[in-house]
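J.: everything below, folded, please.
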Amino acid sequence: MAKTPAPKKTTTAKPAARKPAAKAAAAGNGEAKAKFTKAIEEAKAGATALTAEAKAKAEGYRDQLSTKSADWVDEAKDIAGQAKVRAADLAVDGKAKASDAIATIGKLVGDNATTIDEKLGTRYGDYARTAARTMQESAAKLDSKDINELGDDAKEFVRKSPGLAVGIAAAVGFLIARLFKGTPKA
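T.: As a prediction, this is how the structure comes out:
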């Protein structure tokens, strides 16, 4: 006959032995939670400190930018003022040169009026003298006015006769283009 093995004896832990292990695990969990909570609080404190530091640096940069932008604005105003003075000087010089040129052309036409009388007749010589006198008067008027008055006169002329102003501008542009057009090289 075959022998049946004897049933194994299972040992059961004593309830008193399990209690200290559960207490140790609970104590370990509490300690881990406390460490985790402390780490979170330290991270929050670090983030708050970094935020404060970033705000302080940003304020410093904002102050520097404000100072530099104010300096740039002052520089731009200074340069604009210098450009305005230079433009006014150039306009005055241009006005003087234009006045002199008109007066010179008027004198040249007036000086040649007698030659025109001899070659074409007194009627055309009188036209030349009238044109010369008109050019010299225009040169004197141009010389006597300041730049602001000339600007106002030009605006008024364009308002009264826009078609004529465009025509004159086109003619002057054409003449200037022809004057500066290079001759082709052979």
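
J.: how close does the residue nearest in space to the middle of the chain get to A171?
T.: Residue closest to the mean C-alpha point of the chain, counted by CA atoms, centre = their mean, is A76 at 10.3 Å. Separation of A76 from A171 (CB to CB, to the nearest Å): 38 Å. Bear in mind the C-beta positions are built from the backbone N, C-alpha and C, glycine included.

J.: again with R178
T.: 11 Å.

J.: check W72 too.
T.: As defined by CB to CB, W72 lies at a distance of 44 Å from A171.

J.: ok, now R86?
T.: Here R86 is placed at a distance of 29 Å from A171 (CB to CB).

J.: got it, and I105?
T.: Counting by CB to CB - I105 and A171 are separated by 16 Å.

J.: those two: which has the busier surroundings?
T.: Taking other CB atoms under 10 Å, I105 and A171 do not tie; I105 has more neighbours (15 against 10).

J.: skip the chain neighbours and tell me the closest residue to that one.
T.: M135 (5.9 Å; CB to CB, 6 or more residues apart in numbering).

J.: which is the succeeding secondary structure element to the helix or strand encompassing A32?
T.: Using DSSP states H and E, A32 sits in helix 15-111. Next in sequence after helix 15-111, counting helices and strands by DSSP H and E, comes helix 113-120.
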